[in-house]
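>>> I'll drop the sequence and a predicted model, then ask my questions.
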Amino acid sequence: MRTPISRALVLLVAVVVGLLPWAGPAQAHGTIINPSTRAYQCWKTWGSQHMNPAMQTQDPMCYRAFQANPDTMWNWMSALRDGLAGQYQQRTPDGQLCANALSRNSTLNQPGAWKATNVSRNITVQMYDQASHGADFFRVYVTKQGFNPATQSVGWGNLDLVATTGRYAPAQNISFNVSFPGRTGAHVMFVIWKASHMDQTYMWCSDINVS
């Protein structure tokens, strides 16, 4: 028979477990890690110190994202939608591209001072896939010259398609080359990943500074 103290300990453990971020097999997927997507950059920089008050002044966009929904960062690998049947533009409204039209990740759509990766006009994009799903393709877009990520949210009309890859066999690490012709300064790289194991689509924004 449990004592009142033991019952209290069981309840406490249950509450703590319920608060822990969970990334089971259904959630174990991937993202672009270089140049870092918005959620991945926030997790990589602040995941181990997400209670640090310095984030509010040093990285205000990540601070907003953590305040709105920390699960966006804990599950940086899970920005997916099923069953789009290739209707990426039709089913992803302007201003919702960076969150893959997922309301739980909506802060990723907000314009502002997101931390950017310094890149040249010719880069190697690196993608990490925990579950080794492989890819039917990646489509890479970049914002038009003159777009301002600090004040504008990303819409389809702001983007130019700069690369479409072929298929990739299942692997945890995938890389491919991309060029950004005619671009300098602050931009957003937008990537669509069509996983090969089912009709599952991921979309991400990476902030870049092209030199």
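Thanks, I have it.

>>> just the helices in this protein please.
Defined through DSSP state H, the helices belonging to the chain, from first to last, are 4-19, 38-46, 55-58, 60-68, 71-74.

>>> what about this structure, any weak spots by pLDDT?
1-28 (pLDDT under 70).

>>> Roughly how far does Leu97 sit from Ala171?
Separation of Leu97 from Ala171 (Cβ to Cβ, to the nearest Å) stands at 26 Å. Bear in mind the C-beta positions are built from the backbone N, C-alpha and C, glycine included.

>>> Equivalent analysis for Asn52, please.
According to Cβ to Cβ, Asn52 and Ala171 sit 35 Å apart.

>>> How about Met198?
As defined by Cβ to Cβ, Met198 lies at a distance of 17 Å from Ala171.

>>> Name the residue in the two with the higher neighbour count.
Neighbours per residue (other Cβ atoms under 10 Å) separate Met198 from Ala171, with Ala171 holding more: 14 against 10.

>>> For the more buried one, give me its contacts.
Contacts for Ala171 were tallied using Cβ atoms under 8 Å, 6 or more residues apart in numbering; they are Asp129, Ser132, Gly134.

>>> From Ser132, how far off is it?
Here the distance between Ala171 and Ser132 works out to 6 Å (Cβ to Cβ).

>>> same deal with Tyr141?
For Tyr141, the distance to Ser132 equals 25 Å [Cβ to Cβ].

>>> just Val142 next, same as before
As it turns out, when the distance is counted by Cβ to Cβ, Val142 lies 27 Å from Ser132.

>>> More neighbours: these two, which one.
Val142 (27 against 15).

>>> circling back: I'd like the contacts of Ala171 as JSON lines, with distance to Thr151 appended.
What follows is the contacts of Ala171, written out as JSON lines (distance: Cβ to Cβ, whole Å):
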{"residue": "Asp129", "distance to Thr151": "33"}
{"residue": "Ser132", "distance to Thr151": "39"}
{"residue": "Gly134", "distance to Thr151": "38"}
